[in-house]
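1. Have a look at this fold, sequence not included:
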């Protein structure tokens with residue numbers, strides 16, 4: 001509690017923080033304080049998989065971040081949803097389980113981080129999961145995080161995969177296994193029909209351990225430094241200022257936005273930027289807040305010829321029963337998302353790795369309950385988003401104030417590189433080509449966005465500018481790298497350069513974007529960090 005000393009203080013109870021709290025308290029006698037700015041994840045909507053759309057659209061349990069207006073996106077300020085709740089973004093995300101391509105981690109290794117090659121991180125991916133298909137060379141069966149196939153019962157999903165094959169694309173049995181490239185069945189973090197967040201998987205089992213203390217509604221405002229050593233944190237707990245001391249380490253796990261903000265508020269960052277806010281520089285690290293990357297996407301949508309299974313279930317009296325069935329018993333249509341298919345493909349611009357991801361949605365995001373004659377049913381449709389997997393564009397974060405309660409300015413800088421425009425255009429054309437294949441003809445009435453007549457580069461660019469959005473995979477703002485890299489903030493063991501007893505463990509340390517969703521990689525990083533922090537021998541590299 002406030003004023004006490006702990007072995008470790010973890011700032012942020014998101015995916016990394018929950019994982020670290022679980023692993024560090026496995027050792028009897030270890031005292032861990034876990035601090036979270038949000039509240040507990042008790043809201044029933046967080047439990048029900050189908051409720052993800054409601055959570056995102058209403059920005060529930062969210063920091064409510066928006067990027068600065070982007071000229072490349074018609075002056076829109078794109079939302080940047082980040083979880084402000086125990087479990088962090090794993091409590092509000094779409095529950096996709098994706099590891100990225102093995103080439104992503106080998107690229108990190110080649111850039112001076114040899115202990116982060118695919119062979120070195122694969123054991124941690126296996127350690128984290130309990131895969132319903134059982135253990136294998138690539139998969140784990142005994143980890144805390146339940147992973148399973150999508151079970152959404154809609155023939156449209158199979159037809160979309162068949163259309164991918166008809167368009168000449170490969171298939172993959174397991175995009176988290178030997179081959180990522182191709183159309184594959186969606187994998188998700190759902191347990192017994194309910195969301196399996198990092199809080200469910202990692203934190204809940206650790207709560208009974210005497211060494212773990214969790215404080216919610218607690219905003220960490222500063223890392224306390226003695227010289228060049230981290231010794232604790234200052235916080236606001238429900239408006240009251242408190243201090244906690246760390247005898248071994250302070251571990252910052254606040255995420256891609258909050259971690260660099262906390263470092264800068266504590267005097268760790270670009271001295272010129274800190275000086276503008278009257279903050280003395282304790283460690284001059286120009287890379288803090290730089291190197292921001294995220295997946296940008298745009299989609300093709302079709303009106304559905306006949307309503308799908310969700311449409312019938314969304315009648316008000318039916319969906320209320322279905323939601324209750326999922327919440328209490330883990331069954332019903334609400335126990336999954338209306339998807340079922342994902343693809344990682346090479347556009348004509350690709351190199352050795354897939355450069356475009358397809359995110360398929362068998363129902364409209366705007367699907368809402370209806371009750372004739374009082375509220376008419378919505379028009380059913382489906383869509384597929386094309387995602388640029390490894391954009392060249394880089395953004396940054398900037399302090400807006402020395403007040404920790406004031407959000408930083410987020411400059412995503414989406415589509416600053418011509419190559420990113422070209423890749424997204426190519427991805428949209430690939431989606432459209434799949435939509436024209438014979439297996440989808442029984443389902444497609446017409447293309448409704450951007451419209452079949454909009455074929456030119458100029459028309460697609462206008463569609464991208466008007467509708468392009470983040471896929472919510474921001475990372476890189478406390479880059480892991482070698483000391484000679486002036487953008488690097490942490491070393492290969494996630495220790496902040498120039499400050500002892502301080503690490504950053506979250507998506508912000510990732511040097512660049514992996515080819516896919518990032519929650520599984522973030523948990524992998526925390527699993528590996530737990531071994532580094534405890535001085536444990538890492539598992540032997542697995543070469544498969």
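-> It's in. Remember, predicted model here, so these are calculated numbers, not experimental data.
2. how about the helices in the stretch 101-250 of the chain?
-> Using DSSP state H, counting those that start in this stretch, the helices of the stretch 101-250 of the chain run over 102-110, 118-128, 155-166, 198, 204-206.
3. Average pLDDT for stretch 120-129, rounded please.
-> Average pLDDT, stretch 120-129: 98.
4. For that stretch, what is the distance to the chain centroid?
-> Chain-centre distance of stretch 120-129: 18 Å, with CA atoms, centre = their mean, to the nearest Å.
5. Check stretch 391-401 too.
-> Worked out by CA atoms, centre = their mean, stretch 391-401 lies 17 Å from the chain centre.
6. Next, the buried residues of it.
-> 391, 393, 394, 395, 396, 397, 398, 399 (16 or more other CB atoms under 10 Å). Where you see a C-beta, it was placed from the backbone N, CA and C, and this is true even at glycine.
7. Point out the most buried one among the helices of the stretch 101-250 of the chain.
-> Greatest average neighbour count among these goes to helix 198 (a mean of 33), per mean count of other CB atoms under 10 Å.
8. Any chance you could list what contacts that helix?
-> 14, 15, 16, 17, 18, 19, 87, 88, 90, 91, 145, 523 (CB atoms under 8 Å, 6 or more residues apart in numbering).
9. Please list the members of the residues you listed that lie in helices.
-> Judged by DSSP state H, helices contain the following of the contacts of helix 198: 15, 16, 17, 18, 19, 523.
10. Do I have it right that the fourth one meets residue 196?
-> The one in question is residue 18. No - counting by CB atoms under 8 Å, residue 18 does not reach residue 196; the two are 11.6 Å apart.
11. The two: who's more crowded?
-> Taking neighbours as other CB atoms under 10 Å, residue 18 and residue 196 compare with residue 18 leading, 33 against 24.
12. quick one: that one and residue 420, what's the gap?
-> 33 Å (CB to CB, to the nearest Å).
13. Repeat that for residue 369.
-> 38 Å.
14. for the helices of the stretch 101-250 of the chain, which one sits closest to residue 458?
-> Ranking these by proximity to residue 458 (CB to CB) places helix 155-166 first, at 26.9 Å.
15. And the average pLDDT for the longest strand along the chain is what?
-> Identified as the longest strand of the chain according to DSSP state E is strand 240-252. Averaged over strand 240-252, pLDDT sits at 97.
16. Show me what that strand is packed against.
-> Here strand 240-252 touches strand 5-11, strand 32-35, strand 218-226, strand 229-237, helix 255-265, strand 502-504, helix 519-534, going by 3 or more CB pairs under 8 Å, 6 or more residues apart in numbering; DSSP states H and E.
17. let's see it at 6 Å
-> Strand 240-252 sits against strand 5-11, strand 229-237, strand 502-504, with contacts defined as 3 or more CB pairs under 6 Å, 6 or more residues apart in numbering; DSSP states H and E.
18. Comparing the ones you listed, which comes out most buried?
-> For the helices and strands packed on strand 240-252, the largest average neighbour count (mean count of other CB under 10 Å) is found in strand 502-504, namely a mean of 27.
19. Mind listing residues that contact that strand?
-> Here strand 502-504 makes contact (CB atoms under 6 Å, 6 or more residues apart in numbering) with 230, 250, 251, 252, 259, 478, 490, 494, 495, 496.
20. Neighbour-wise, which one of the residues you listed leads?
-> residue 252 (34 neighbours).
21. Show me the beta-bridge partners of it.
-> Beta-bridge pairing for residue 252 (DSSP bridges): residue 11, residue 504.
22. Who are the contact partners of it?
-> Residues near residue 252 by CB under 6 Å, 6+ apart: 11, 259, 504.
23. same deal with residue 464?
-> Residues near residue 464 by CB under 6 Å, 6+ apart: 298, 424.
24. Quick check: it vs residue 455, distance?
-> 14 Å.
25. and what of residue 535?
-> In terms of CB to CB, residue 535 sits 59 Å off from residue 455.
26. more neighbours, the two?
-> Neighbours per residue, other CB under 10 Å: of residue 535 and residue 455, the larger number sits with residue 455, 12 against 6.
27. Look at residue 369 and residue 420 and report which has more neighbours.
-> residue 420 (19 against 16).
28. quick one: average pLDDT of stretch 426-436?
-> So the average pLDDT for stretch 426-436 ends up being 98.
29. hmm, back to that, tell me which of the helices of the stretch 101-250 of the chain lies nearest to residue 446.
-> Across those, closest to residue 446 is helix 155-166 (CB to CB), at 15.5 Å.
30. List of residues touching that closest one?
-> Residues contacting helix 155-166 (CB under 6 Å, 6+ apart): 183, 340, 341, 360, 362, 434, 437, 439, 440, 443.
31. one more time with 8 Å
-> With CB under 8 Å, 6+ apart as the criterion, helix 155-166 contacts 150, 171, 182-183, 185, 304, 308, 339-341, 343, 358, 360, 362, 382, 384, 434-435, 437-440, 442-443.
32. Please state the offset of it from the chain centre?
-> 26 Å.
33. now do stretch 499-517
-> Distance of stretch 499-517 from the chain centroid (CA atoms, centre = their mean) equals 12 Å.
34. picking up where we left off before, most widely separated two among the ones in helices among the contacts of helix 198?
-> Greatest spacing in the ones in helices among the contacts of helix 198, by CB to CB: 17 and 523 (10.8 Å).
35. more neighbours, these two?
-> Per other CB under 10 Å, whichever of residue 17 and residue 523 has more neighbours is residue 17, with 32 against 28.
36. Can you report phi and psi for the closest residue to the more buried one other than its chain neighbours?
-> In space, residue 17 comes closest to residue 253 once its chain neighbours are excluded; the distance is 4.1 Å by CB to CB, 6 or more residues apart in numbering. Per-residue torsions, residue 253: phi -130, psi 40 (degrees, to the nearest 10).
37. show me what contacts residue 253?
-> Residue 253 neighbours (CB under 8 Å, 6+ apart): 10, 11, 12, 14, 16, 17, 20, 259, 504, 505, 506, 526.
38. Could you report the pLDDT at the fourth one?
-> The predicted structure scores residue 14 at 98 on the pLDDT scale.
39. Next: the second one.
-> Residue 11 carries a pLDDT value of 98.
40. Please list all residues in contact with it.
-> By CB under 8 Å, 6+ apart, the neighbours of residue 11 are 17, 35, 220, 233, 250, 251, 252, 253, 254, 259, 262.
41. and which of those residues is nearest to residue 298?
-> Among the contacts of residue 11, and counting by CB to CB, the member closest to residue 298 is residue 259, at 29.0 Å.
42. my guess is that closest one contacts residue 510, does it?
-> No - using CB under 8 Å as the test, residue 259 is too far from residue 510 to be in contact (11.8 Å).
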